[in-house]
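Enquirer: Here you go, sequence then predicted model.
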Amino acid sequence: MNILELRDISMIYGTVKALQDINLTVQKGEWVALMGPSGSGKTTLMNIIGCMDKASRGSVVLDGVEFSQLNAKQLTAIRRDKIGLVFQQFHLVPYLTALENVMVAQYYHSMPDEQEAMAALERVGLAERARHLPSQLSGGEQQRVCIARALINYPMLILADEPTGNLDEANANIVLRLFQELHQEGHTIIMVTHDPDVGKLAERCIMLDHGKIVQHSNRYEGVAKACVNG
Amino acid sequence: MFWQILKGSLVRQRQKMFMVAITIALGVSLTTAMLNVMLDVGDKVNRELKAYGANITVTPRSASILHDFYGVEAGGAGQYLQESELGKLKTIFWANNIVDFSPILETRAIIGQTASEITLVGTWFNHRLDLPTGETVETGIKQLKSWWSVEGNWVQESSQGAMLGSMAASRLGLQIGDEIDLVIPGSDRTAKVKIEGVFNSGGPEDEEIFVPLGLAQKLTNLPGKVGKIEVSAITTPENELARKAAHDPKSLSLKEWETWYCTAYVGAIAYQIEEAITGAHAKPVRQVAESEGAILQKTQLLMLLITVLSLIGSTLGISNLLTASVMERNREVGLLKALGADDTEVLVLTLSQILFTGIAGGFAGYFLGLGFAQIIGQTVFSAAVAAKPMVIPIVMVLVVLVTLTGSLPAIRMLVSLRPAEVLHGR
């Protein structure tokens, strides 16, 4: 069952074509890696899927809802209700504790629930660090808080932008293990990454270059090769 | 959660918010000071303007007609006011606005030693007057003509002293300490007086000699009589209603008449004096009254302009600080938007932060302003400035207006801020 469908997506900034005629479908429970060199359009595509940007052309359909006719408020509602975001730079509110950072997402979604937020932190192994400020957490711990925050509203789709890009190997492994668990639980994940090893974990790997999909492969059809080439 | 975010962002940006609060406090303090002074300044400026002297002259009614038609001075037609009725001036509706008054009884006299004729003026110098209300007031030309430059001393009410105008002193070769005989022409009434002071008024009084009223009454054989009364009253600047009443009081409607009567227009006070003193005609000295009004209005306008300029200054300061604050917080705001906060929620959060700061600044500024008002009051008017309760709601409205107006650029920036731009640098 397709939960995401991109049809002929283009994004043009002035004379720069950041994305050109992207077509992509993602099925429920699938883990897709978006790869490619810097400036290939990965983040732009993530922003469009995450309702943080509107495509210049084409249509995006998430869970049967087409984005192109939606206004900013409606796009915000979709992002809030259906999408969980994980950022490379974590982006935690610096003056709120780990627990409160998770509860912020609940607050804008529906209603803060401390027990549920605590359970989400337990899920990522950070229950004992719940009352710590981001500045008191390591990079890996901050990223796990970010993942707990992304999961708290039971999103239909998790968008992760280079989630291990700012982490050392040990922390990156912890975070990737979490994503594997989420995938096994049936979460749909789209992950932007530079790292071929990370890309190998995905079921499908989409290679972008100069705003176009240049290679589209799955784990069983040489995804490793495609990702390594990237 | 809202309060946690609000508190956290306030604490995190405390330095910037402190600057915003100080900017608001400065603007509000100046506004509070100016508004309090402006609302209190009427009395203060009017008291200062009393140096202009009397602004109402009271004469016997028949004498005033003769003066108006034939130029005959008060008292010259044998018409006088009763000295005993002077206390009634402090019983009229606007009694508290009557600051000073002084009776005048004029006659011609000859100085025995020089055989020169001079105008002799009987008056109160610094007279203690018991009022019908049981109170006592001190009044006389010492207060009424405060601009006189006096060499020597003011005359004591009970003494046989006199004050001589500087030009008369110079013309007649008299000086302080000289004793002179005053003779009323065509009568055998004489008096010996000692020159206690020589004054320079810059007016026609410099050719006259001033003696206590009682002595003048004795010399003129007019016990208990006065020719005219000079009154200095605190008045409200004239407006259209006052001018209409001055032109023809009968043209006023009942409501207009009540408003006019219950406002301290110079005409209304003069009217009430006529009601209080038998056979009196009270005439406003319009040049003085209108000058006072004009100066008061200009002073108030100046204060209003200072207030407006200070508020504009505060608004610009707030605008700069808040814009910088939003720029500093753009990642945080972008994150909140990415997590699902819509523009309204972000605006409510930011405006709450700004209004909290504004209230703190406004509160501090109000009390600071009361202090400034006292400094202005003591420095300029040598008197305390009363804190007017009506300033509080005005200041509250102004705090909200200034803060919101100053926030407009920041609000625009917040609304146009796109999470993709600040979170991914796109």
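Expert: It's in.
Enquirer: Would you tell me which helix is longest in the chain?
Expert: No chain in the question, so chain A it is. In terms of residue count, the longest helix belonging to chain A (DSSP state H) is helix A:169-184.
Enquirer: The chain in question should be chain B.
Expert: Assigned via DSSP H, chain B shows its longest helix as helix B:286-328.
Enquirer: Need the nearest residue in space to whichever residue of chain A sits closest to chain B, chain neighbours excluded.
Expert: Per Cβ to the nearest Cβ, A:Arg80 is where chain A lies closest to chain B, at 2.8 Å. C-beta here means a position set from N, CA and C on the backbone, and glycine is covered the same way. Using Cβ to Cβ, 6 or more residues apart in numbering or on different chains and skipping the chain neighbours, the partner closest in space to A:Arg80 is B:Gly340 (2.8 Å).
Enquirer: For B:Leu81, list each beta-bridge partner.
Expert: B:Val226 (DSSP bridges).
Enquirer: Number of residues surrounding it?
Expert: 28 (other Cβ atoms under 10 Å in any protein chain shown).
Enquirer: What of B:Leu301?
Expert: The number of residues near B:Leu301, taken as other Cβ under 10 Å, comes to 11.
Enquirer: Model confidence for it, exactly?
Expert: For B:Leu301, the pLDDT comes out at 83.
Enquirer: Which of the helices or strands spans the residue of chain A closest to chain B?
Expert: Using DSSP states H and E, A:Arg80 falls within helix A:72-82.
Enquirer: so what secondary structure elements neighbour that helix?
Expert: For helix A:72-82, the elements it packs on are helix A:98-109, judged by 3 or more Cβ pairs under 8 Å, 6 or more residues apart in numbering or on different chains; DSSP states H and E.
Enquirer: So which bits of chain A are right by chain B?
Expert: With the criterion set to Cβ under 8 Å from any Cβ of the partner chain, chain A comes near chain B through A:43-44, A:46-47, A:50, A:52-53, A:72-73, A:76-77, A:79-81, A:85, A:87, A:89, A:91, A:93-96, A:100, A:103-109, A:112, A:149, A:161.
Enquirer: Could you pull out the helices in the stretch 51-200 of chain B for me?
Expert: Shown for the stretch 51-200 of chain B, the helices assigned by DSSP state H, counting those that start in this stretch span residues B:61-70, B:141-144, B:166-172.
Enquirer: Please apply the same query to chain A.
Expert: Under DSSP H, chain A gives helices at A:42-49, A:72-82, A:98-109, A:114-123, A:139-151, A:169-184, A:196-201, A:223-229.
Enquirer: what angle sits between the third one and helix A:114-123?
Expert: What separates the directions of helix A:98-109 and helix A:114-123 is an angle of 120 degrees, with axes from the mean of the first three to the mean of the last three Cα atoms, to 10 degrees.
Enquirer: if we can go back for a sec, could you name the helices and strands sitting against the longest helix of chain A?
Expert: helix A:139-151, strand A:188-192, helix A:196-201.
Enquirer: re the thing from before, could you point out which element follows the longest helix of chain B?
Expert: Helix B:286-328 is succeeded, C-terminally, by helix B:330-338 (DSSP H and E).
Enquirer: Pull the residues that contact that following helix.
Expert: A:50, A:52, A:76, A:79, A:85, A:91, A:93-94, A:104, A:108, B:5, B:9, B:326, B:343, B:345-346, B:349-350, B:414, B:417-419, B:421-423 (Cβ atoms under 8 Å, 6 or more residues apart in numbering or on different chains).
Enquirer: Stretch B:204-213 now?
Expert: B:83, B:103, B:105, B:109, B:111, B:118-125, B:127, B:141, B:145, B:155, B:157-159, B:161-168, B:171, B:182, B:191, B:193, B:199-200, B:226.
Enquirer: Worst mean pLDDT across the helices and strands of chain A, which element?
Expert: helix A:223-229 (a mean of 47; mean pLDDT, DSSP states H and E).
Enquirer: Among the contacts of stretch B:204-213, name the buried ones.
Expert: With neighbours counted by 16 or more other Cβ atoms under 10 Å in any protein chain shown, these contain buried members at B:83, B:103, B:105, B:109, B:111, B:118-125, B:127, B:141, B:145, B:155, B:161-168, B:182, B:191, B:193, B:199-200, B:226.
Enquirer: Can you list the low-confidence ranges for chain A?
Expert: A:219-230 (pLDDT under 70).
Enquirer: Residue numbers of chain B in contact with chain A?
Expert: So chain B meets chain A at B:1-2, B:4-5, B:8-9, B:11-12, B:331-332, B:335-343, B:345, B:418-420, B:423-424, B:426 (Cβ under 8 Å from any Cβ).
Enquirer: can you pull the contacts of A:Asp209?
Expert: Contacts of A:Asp209 by Cβ under 8 Å, 6+ apart are A:36-37, A:40.
Enquirer: okay, those in a markdown table with neighbour count next?
Expert: Output for these, formatted as a markdown table (neighbours: other Cβ atoms under 10 Å in any protein chain shown):
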| residue | neighbour count |
| --- | --- |
| A:Gly36 | 23 |
| A:Pro37 | 12 |
| A:Ser40 | 23 |
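Enquirer: I'd like the helices and strands packed on helix A:169-184 as TSV, with mean neighbour count appended.
Expert: As requested, the helices and strands packed on helix A:169-184 are arranged in TSV below (neighbours: other Cβ under 10 Å):
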stretch	mean neighbour count
helix A:139-151	25
strand A:188-192	25
helix A:196-201	20
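Enquirer: Format these as CSV; extra columns: distance to B:Ile312.
Expert: Below are those laid out as CSV (distance: least, Cβ to Cβ, whole Å):
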stretch, distance to B:Ile312
helix A:139-151, 44
strand A:188-192, 49
helix A:196-201, 56
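Enquirer: I'd like to know which of these is closest to B:Ile176.
Expert: Set against B:Ile176 and scored by Cβ to Cβ, these come closest in helix A:139-151, at 93.8 Å.
Enquirer: which secondary structure elements does the closest one contact?
Expert: Judged by 3+ Cβ pairs under 8 Å, 6+ apart, helix A:139-151 is in contact with strand A:83-86, helix A:98-109, helix A:114-123, strand A:157-161, helix A:169-184.
Enquirer: now it, how far from the centre of its chain.
Expert: The chain centroid and the centroid of helix A:139-151 are separated by 12 Å under Cα atoms, centre = their mean, to the nearest Å.
Enquirer: Quick check: the residue nearest the centre of chain A vs B:Tyr265, distance?
Expert: The residue lying closest to the centre of chain A (Cα atoms, centre = their mean) is A:Leu159, at 1.4 Å. From A:Leu159 across to B:Tyr265, the span is 77 Å (Cβ to Cβ, to the nearest Å).
Enquirer: Over to A:Asp161?
Expert: From A:Asp161 to B:Tyr265 the distance is 77 Å (Cβ to Cβ).
Enquirer: the more surrounded of the two?
Expert: Neighbours per residue, other Cβ under 10 Å: of A:Asp161 and B:Tyr265, the larger number sits with B:Tyr265, 26 against 23.
Enquirer: tally of neighbours for the residue nearest to that one when sequence neighbours are not counted?
Expert: The shortest distance from B:Tyr265 to any non-neighbouring residue, by Cβ to Cβ, 6+ apart, is to B:Ala242 (4.1 Å). For B:Ala242, the neighbour count with other Cβ under 10 Å is 23.
Enquirer: Would you reformat the helices and strands packed on helix A:139-151 as CSV and include distance to B:Gly87?
Expert: What follows is these, written out as CSV (distance: least, Cβ to Cβ, whole Å):
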stretch, distance to B:Gly87
strand A:83-86, 88
helix A:98-109, 76
helix A:114-123, 80
strand A:157-161, 92
helix A:169-184, 96
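Enquirer: what's the neighbour count on the residue of the stretch 201-350 of chain B found nearest chain A?
Expert: Residue nearest to chain A within the stretch 201-350 of chain B: B:Gly340 (2.8 Å; Cβ to the nearest Cβ). Using other Cβ under 10 Å, B:Gly340 has 23 neighbouring residues.
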